[in-house]
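*Asks:* just to be clear, the model below is a prediction. Sequence and coordinates:
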Amino acid sequence: MKVKFYTLGCKVNQYESQAIGESLKKRGYEIIDGKENADVVIVNSCTVTAESDRKTRQTVRRFKRQNPSGIVVLTGCMPQAYPDKAKELLEADIVLGNKNNKDLPDILEGYLKYGSRAFEVTEHQTGDKFGGDTITAFEERTRAYIKIQDGCNRFCSYCVIPYARGRVRSKPLDELKQELEHLSANGYKEVVLVGINLSSYGSDIGHTFPEAVKVANDTDGILRVRLGSLEPDHLTDEVIEELSKCEKLCPQFHISLQSGCDSTLKRMNRHYDTADYRRLCKKLRECFKDCTLTTDIMVGFAGESDEDFKTSLEFMQEIAFEKVHVFPYSVRKGTRAEKLDGHLDKKVKEERCKLMIEKAEEIRRSFFTAQIGKTYDIIIESQTSDGYYTGHTANYIPVKIKLPSYLNGSLVNVKITAITDEDYLIGEII
């Protein structure tokens, strides 16, 4: 039988789709890309915003409408956080939470045998161990994501993820080492360590986050190690010093900010203030050559005044992030923020998003312009329809180069010559 995936959300979800796919292949299923018709469609959902839930519902219904006789599986964070809502989505033949992902091959076999709708959502419990299958490849990519951590203990006032993912759980170091060796043996030169609250790695098993990074750094054949999103208050001076010893660690850090206003951060139940964040950015830029900093910023949080937004905007400009993901606050049922006063109109949030994005893009454009004339190594990742090859520098600048031919995964040295209108630099091979 043919199976295809539709994955929404973060890099952790993408990793889990790969792991599910590998477990199904062992049972004889054929994994196909999204353009082909499939007997089974697996929708791996995200629930970080209300828009994510809307997209999940829309996607499940679309796949069932396109192929009424096909099997539609809904899994991921949406059914885990909101099982009652998922149960109402009758177009899904199989519904299971992310805690049950590993059971999908058996559940699918049961559905094929008996034909009755399956619903399996088991609550996360304190004390759960890190679970799930490991991977040996990452389909159609030159870099592989590796989930090393799951869950979050933070309970930010706006966030439903602790309910969707449970408490902090960490992958054992020996299991991580084995997974990295398999990926290296299969030709992967670049890996990205990811998690739900990545920098909390090890707090449940007596290890530290830098220890996990060092395991990746010391793996033969791996040339680059990248990190997923990080929480600022976990990145102590000691942690940064240890990370700086890992020579393969790429100097690009995505440090979650959410707001550049201290009063907003307090209402969000974030565990730092802007002074802490400012010191962290300075430290990272001092310790890592060519360091780039990227972040997420939420606008329009409950109670955010015009002055609060202005303060956040000015802080973003002060830090001068090389890239910013800007998004409007979205009410999540069951969170503390749902009951806060001062929820804003959609139009106000949209206007603030637009302005924040405009100012962030101005900074990014200036940063790109400053790269002209510099030389970087890039790893070839893909080829475009107009004859360019694309890749990223170690500090995650996207580059396009003209080459007669090249293999994906090749490391080449390029000189930056121009910028494009589509968020790329143009490079020439040296």
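*Replies:* Now that the structure is in, tell me what you want to look at.
*Asks:* switch to C-alpha atoms for all contacts and neighbour counts from now on
*Replies:* Will do.
*Asks:* which strand or helix spans Glu175?
*Replies:* Taking DSSP states H and E as the definition, Glu175 sits inside helix 173-185.
*Asks:* that helix: which residues count as buried?
*Replies:* Buried residues in helix 173-185, counting neighbours by 16 or more other C-alpha atoms under 10 Å, are found at Leu173, Leu176, Gln178, Glu179, Leu180, Glu181, His182, Leu183, Ser184.
*Asks:* what residues are up against the fourth one?
*Replies:* Going by C-alpha atoms under 8 Å, 6 or more residues apart in numbering, Glu179 touches Thr134, Ile135, Thr136.
*Asks:* counting neighbours, which of these comes out on top?
*Replies:* Ile135 (23 neighbours; other C-alpha atoms under 10 Å).
*Asks:* need the pLDDT of Lys349.
*Replies:* Reported pLDDT at Lys349 in the predicted model: 98.
*Asks:* quick check: nearest residue in space to it, chain neighbours excluded?
*Replies:* When the adjacent residues along the chain are set aside, Lys349 lies closest to Gly300, with 4.9 Å between them (C-alpha to C-alpha, 6 or more residues apart in numbering).
*Asks:* what separation do you get for that neighbour and Lys359?
*Replies:* According to C-alpha to C-alpha, to the nearest Å, Gly300 stands 16 Å off from Lys359.
*Asks:* the two: who's more crowded?
*Replies:* Counted by other C-alpha under 10 Å, Gly300 and Lys359 do not tie: Gly300 has more neighbours, with 28 against 16.
*Asks:* was I right to think that one contacts Val326?
*Replies:* No: applying C-alpha atoms under 8 Å, one finds Gly300 not in contact with Val326, separated by 10.8 Å.
*Asks:* can you show me the helices along the stretch 1-150 of the chain?
*Replies:* Listed in chain order, the helices of the stretch 1-150 of the chain (DSSP state H, counting those that start in this stretch) span 11-26, 50-66, 77-81, 83-88, 104-114.
*Asks:* and the biggest helix by length in the chain, how far from the chain's centre?
*Replies:* Criterion DSSP state H: the longest helix present in the chain is helix 346-370. On the basis of C-alpha atoms, centre = their mean, to the nearest Å, helix 346-370 sits 21 Å off its chain's mean C-alpha point.
*Asks:* that one - contacts with which helices or strands?
*Replies:* Applying 3 or more C-alpha pairs under 8 Å, 6 or more residues apart in numbering; DSSP states H and E, we find helix 346-370 packed against strand 292-299, helix 306-319, strand 323-328, strand 411-419.
*Asks:* with respect to burial, which of those scores highest?
*Replies:* Greatest average neighbour count among the helices and strands packed on helix 346-370 goes to strand 292-299 (a mean of 21), per mean count of other C-alpha atoms under 10 Å.
*Asks:* what about that strand, distance to the chain center?
*Replies:* On C-alpha atoms, centre = their mean, the centre of strand 292-299 falls 13 Å from that of its chain.
*Asks:* what's the angle from it to strand 323-328?
*Replies:* Taking axes from the mean of the first three to the mean of the last three C-alpha atoms, to 10 degrees, one finds strand 292-299 and strand 323-328 inclined to each other by 10 degrees.
*Asks:* so what touches strand 292-299?
*Replies:* So strand 292-299 is contacted by 251-259, 281, 285, 309, 321-329, 349, 352-353, 395-396 (C-alpha under 8 Å, 6+ apart).
*Asks:* taking the residues you listed, please make a ChimeraX selection of just the buried ones.
*Replies:* Filtering the contacts of strand 292-299 down to the buried ones (16+ other C-alpha under 10 Å) takes a single ChimeraX command:
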select :251,252,253,254,255,256,257,258,259,281,309,321,322,323,324,326,327,328,329,349,352,353,395,396
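*Asks:* what's in contact with the helix or strand hosting Asp276?
*Replies:* For Asp276, the host element (DSSP H and E) is helix 274-287. Residues outside helix 274-287 that contact it (C-alpha under 8 Å, 6+ apart) are 232-233, 235, 237, 240-241, 244, 257, 260-262, 291-293, 319.
*Asks:* which one of those sits in the busiest neighbourhood?
*Replies:* Comparing those by number of neighbours (other C-alpha under 10 Å), Gly260 comes first, having 28 neighbours.
*Asks:* what sits against the residue nearest to that one when sequence neighbours are not counted?
*Replies:* The shortest distance from Gly260 to any non-neighbouring residue, by C-alpha to C-alpha, 6+ apart, is to Ser312 (3.7 Å). Residues in contact with Ser312 (C-alpha under 8 Å, 6+ apart) are Ser259, Gly260, Cys261.
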